[in-house]
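Peer 1: here is my input, please return the structure:
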Amino acid sequence: MPYTPPPELASLSIAEIAEMAEAQKLPPVDQWDPQQTGDSEMRIAADGTWYHQGDPIKRPAMVRAFSSILRREPDDSYALVTPYQKLSIIVDDAPFVAVELESDGSGAERTLAFRLNTDHLVIANANHPLRFGADKPQPYLQVRSGLEAVLARPVYYELAELALEESNDPVGIWSAGVFFTMADQP
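Peer 2: Down below sits the predicted model:
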């Protein structure tokens, strides 16, 4: 079955984006404990490019499929998990990249929606917080169960511009009723 990516975020209302994000179904990888383990010979580069045996994976549908079975392990490593097998994967920074931002409303009434490089949609909220760390200038978005997306530079600039327009003290941004300060956080 061919993969059809979702439409551009700008063509959708925040309510439509939220509905699409809620409808995304992912396998229950946190519930699986396979006995067979190994090395996937895969790596996710800091720019979000997926590699297998050193060569980039060029089919977006394959990357999307693999990303749906990605899990963060208790030792902070990453693995691709099925009910029968767990294969390690190297992640240089964050496994996802937020490549598009849609904002609706302003101030405490604002909602921010992000499209990831895998076409998954995430609304920044209490369950999917934004994190601005001291160790790296880039912000991160919690995607699911310890998996984060780094915000692509244009998305970060767009987010910073929205935050600066509102003149919050401290500088930060609201989304879905939660204020995310852009000051350094551990």
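Peer 1: residues in contact with the residue nearest in space to the middle of the chain?
Peer 2: Geometric centre of the chain, nearest residue: A149, 3.4 Å, by Cα atoms, centre = their mean. Applying Cβ atoms under 8 Å, 6 or more residues apart in numbering to A149 gives the contacts A94, P95, F96, V97, A98, F114, L116, N117, V122, Y140, L141, V143. Backbone N, C-alpha and C define where each C-beta goes, glycine included.
Peer 1: contact partners for the closest residue to it other than its chain neighbours?
Peer 2: Nearest residue to A149 in three dimensions, chain neighbours excluded: F96, at 3.6 Å (Cβ to Cβ, 6 or more residues apart in numbering). Contacts of F96 were listed using Cβ under 8 Å, 6+ apart, and they are G48, S67, L116, N117, T118, H120, V143, L147, E148, A149, V150.
Peer 1: repeat that for G146.
Peer 2: By Cβ under 8 Å, 6+ apart, the neighbours of G146 are R72.
Peer 1: please apply the same query to L159.
Peer 2: Going by Cβ under 8 Å, 6+ apart, L159 touches L101, L112, L130, P139, L151, I173.
Peer 1: so which of those is the closest to I57?
Peer 2: L151 (22.3 Å; Cβ to Cβ).
Peer 1: didn't the closest one look like it was pressed against V143?
Peer 2: No. When contacts are counted by Cβ atoms under 8 Å, L151 is not listed as touching V143 (11.8 Å).
Peer 1: higher neighbour count, these two?
Peer 2: L151 (24 against 21; other Cβ atoms under 10 Å).
Peer 1: re earlier: of the contacts of F96, which is the nearest to Y78?
Peer 2: For the contacts of F96, the nearest to Y78 is L147 (8.2 Å; Cβ to Cβ).
Peer 1: where along this structure do the helices fall?
Peer 2: Along the chain, counting by DSSP state H, helices occupy 14-23, 60-67, 153-166.
Peer 1: how far is the shortest one from where the chain is centred?
Peer 2: Taking Cα atoms, centre = their mean, to the nearest Å, one finds the center of helix 60-67 at 14 Å from the center of the full chain.
Peer 1: surely V143 meets L121?
Peer 2: No. Between V143 and L121 there is no contact, the gap being 10.3 Å when judged by Cβ under 8 Å.
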